[in-house]
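S.K.: Structure for the following, please:
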Amino acid sequence: MSYIDTIPVNDATGEVRQMYERQQEAWGYVPNYAKSFCHRPGVMERWGKLLAELKRPMDKRMFELITFAAAHELKHTSCSLAHGNALTPFFSKEEIVALAEQSSVAGITDAELEMMRFSRKVARDASTIVAADALRLKEHGYTDAQVFDIAAVSAGRAFFTKVLDAVGSMPDAGFMSLDEAFRTALTVGRPVSGGPDEVMNPLTP
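M.R.: Modelled structure (predicted):
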């Protein structure tokens, strides 16, 4: 479902087809979020470059914790599920659900919890951020550059999720393969699509 007409995967040509193919190579199908950008594939390309630059200064764990907190606060099911699942190398699924509920779990530091609280506040309403919020991060050992990084990743996630929700992009049916209890707990916005996910065939050699 989408509130805008999107280009079917096998009707795509030019930049749109190239964008769809890149996404299919990554996921095995063309995700709904990619189809939402079909009328402006250049925006999708630039978002990818921005995202890569936002991620560059931090390790995977830091990036995923920030992104998961922001996505959950923004009530975006796709990103909550995708980035919650990306945390499984570091935490159990039960611990990830607890983090979504803003509880402390074994193995997470006080600094990381403060970082996630800051991320949620940026996502919820950045105008409520005050000097004390940034100071708490620095008291937990984050540098000024890292405070910027946390803010930028959180704000970037807001851009992506708000575009998708505004045009009615649905979470991919592929998320149905996740553990049911985990999937249900992190379905915080739109429900997962009944599918099936679209596959472009064949890909350009």
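
S.K.: Name the helix or strand for the residue positioned nearest the centre of the chain, please.
M.R.: Taking C-alpha atoms, centre = their mean, the centroid of the chain lies closest to residue 79, which sits 3.5 Å from it. Assignment of secondary structure by DSSP states H and E places residue 79 within helix 77-85.

S.K.: Quick check: buried residues in the next helix or strand after that helix?
M.R.: Towards the C-terminus, the helix or strand next in line after helix 77-85, according to DSSP H and E, is helix 93-100. Neighbour-count burial for helix 93-100, with 16 or more other C-beta atoms under 10 Å as criterion, is recorded at 93, 95-100. C-betas here are computed from N, CA, C, even on glycine.

S.K.: Of those residues, which is the nearest to residue 108?
M.R.: Within the set of those, residue 99 lies nearest residue 108; the separation is 7.1 Å, counting by C-beta to C-beta.

S.K.: For the closest one, which non-adjacent residue is closest in space?
M.R.: Closest residue to residue 99 in three dimensions, ignoring its sequence neighbours and counting by C-beta to C-beta, 6 or more residues apart in numbering: residue 105, at 6.2 Å.

S.K.: Would you mind splitting the protein into its domains for me?
M.R.: Residue ranges for the structural domains of the chain, counted by automatic domain parsing, are given in the record as 9-56, 59-185.

S.K.: possible to save these as a markdown table with distance to residue 191 and mean pLDDT?
M.R.: Formatted as a markdown table, the entries for the domains of the chain read as follows, by distance: least, C-beta to C-beta, whole Å; pLDDT from 0 to 100:
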| stretch | distance to residue 191 | mean pLDDT |
| --- | --- | --- |
| domain 9-56 | 13 | 96 |
| domain 59-185 | 7 | 98 |
